[in-house]
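Asker: Requesting a structural model of the entry that follows:
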Amino acid sequence: MTSKTIAATTATPASLPLSSLRTQPHKFQFREQETIEAHVQDLVAALKAGDTLDPMTVWQRTDDDYVVVDGHHRLEAYRRCDFSEDVPVTLHQCPEADAILLALAENTKTKLPMTKTERENAAWRIVCSDHGLSKAQTVKATGISDGTVGKMRRTLKLLQDEDLQVPDTWWQAMRQVKKLDGSEWNEEMHDQMILARANALDSAIGKEIGRAGARNYEALAIVLERRLSKRNLHYLIDMLSDDEEDDVY
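Answerer: Coordinates of the predicted model:
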């Protein structure tokens, strides 16, 4: 027997077992990284100290289908602690489009603010979705300008008119359009491309690098020296030094 979809919009405090919660990152996670390791470790430490975490925001899509729309770090912390008790949540019963807007609203209130690139990609995903959200709703939910959202909508129409695949990220969409009109890449596209590659690299080896640095940073330095050419190692050192100077000012 299939579960009926719940249409009423409510928000109810509740407690649920971890086993009943699931995630859909491709719909409700708008950060480049689903979880940030340092933040998860802080939450794990808080749980082990006996602290109570804030309720996760959960979309009750059907009678027995619970999707975390905000609280991925808390969920990961509970799982790492093998938490056996029910966990606090706030249940929302609403259409999927409202759940997406709710996820974005919660992300803008978090202590881990979304980057401009993450907000742009969130806006692009909304524009490309079939939820029929207006330009004004997209602007309000993501903080991206009205002009940029308008450009996204025109870009999507152009890609569809040309029967081209619609990319997952905004910089990839801009790249597609640049290929069509023969234009050169601009600085914004270049920066987003670098960030996308950095996020892919972080997903592949970031956690292990973080653990290695925490255990023995001297060993990590030796590995970097082995794996990077002297020129690239100097570039890396110079870039990190520049970042430290920026922090001072």
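Asker: Now do the same contact list for the closest residue to Leu53 other than its chain neighbours.
Answerer: Leaving aside its sequence neighbours, Leu53 sits nearest to Arg74 (C-beta to C-beta, 6 or more residues apart in numbering; 5.0 Å). For glycine as for every other residue, the C-beta is placed from the backbone atoms N, C-alpha and C. By C-beta atoms under 8 Å, 6 or more residues apart in numbering, the residues touching Arg74 are Leu43, Leu53, Asp54, Met56, Val87.
Asker: Now restrict those to buried residues only.
Answerer: Among the contacts of Arg74, those classed as buried by 16 or more other C-beta atoms under 10 Å are Leu43, Leu53, Met56, Val87.
Asker: Out of these, flag the one nearest to Asp161.
Answerer: Met56 (41.1 Å; C-beta to C-beta).
Asker: gap between the closest residue to the closest one other than its chain neighbours and Cys94?
Answerer: Leaving aside its sequence neighbours, Met56 sits nearest to Gly71 (C-beta to C-beta, 6+ apart; 2.9 Å). Gly71 sits 17 Å away from Cys94, going by C-beta to C-beta, to the nearest Å.
Asker: can you check Ala204 too?
Answerer: For Ala204 relative to Cys94 (C-beta to C-beta), the value is 36 Å.
Asker: Those two: which is more packed in?
Answerer: Cys94 (19 against 10; other C-beta atoms under 10 Å).
Asker: Helix, strand, or coil at Thr12?
Answerer: Assigned with DSSP: H, G, I helix; E, B strand; the rest coil, Thr12 falls in the strand class.
Asker: Give me the neighbour count for it.
Answerer: Thr12: 11 neighbours (other C-beta under 10 Å).
Asker: Could you do the one 3 residues further on as well?
Answerer: Taking other C-beta under 10 Å as the neighbour definition, Ser15 ends up with a count of 10.
Asker: Next: the one 4 residues further on.
Answerer: Neighbour count of Ser19, defined by other C-beta under 10 Å: 6.
Asker: Let me see the confidence value for it.
Answerer: We have a pLDDT of 94 for Ser19.
Asker: With Lys111 instead?
Answerer: 57.
Asker: just Met189 next, same as before
Answerer: 65.
Asker: Let me see the domain layout of the protein.
Answerer: Split into domains by automatic domain parsing, the chain comes to 6-114, 116-215.
Asker: got TSV for these, with distance to Ile237 too?
Answerer: Putting the domains of the chain into TSV (distance: least, C-beta to C-beta, whole Å) gives the following:
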stretch	distance to Ile237
domain 6-114	22
domain 116-215	15
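Asker: Near the residue nearest to Pro13 when sequence neighbours are not counted, how many residues? Count them for me, please.
Answerer: Leaving aside its sequence neighbours, Pro13 sits nearest to Thr90 (C-beta to C-beta, 6+ apart; 5.8 Å). By other C-beta under 10 Å, the residues close to Thr90 number 18.
Asker: Ramachandran angles for the residue nearest to Met56?
Answerer: Main-chain torsions, Gly71, degrees, to the nearest 10: phi 130, psi 20.
Asker: for it, what are its contacts?
Answerer: When the contact criterion is C-beta under 8 Å, 6+ apart, the partners of Gly71 are Asp54, Pro55, Met56, Thr57, Val58, Val89.
Asker: ok, so of those, who is nearest Glu120?
Answerer: The closest of the contacts of Gly71 to Glu120 turns out to be Thr57 (C-beta to C-beta; 22.7 Å).
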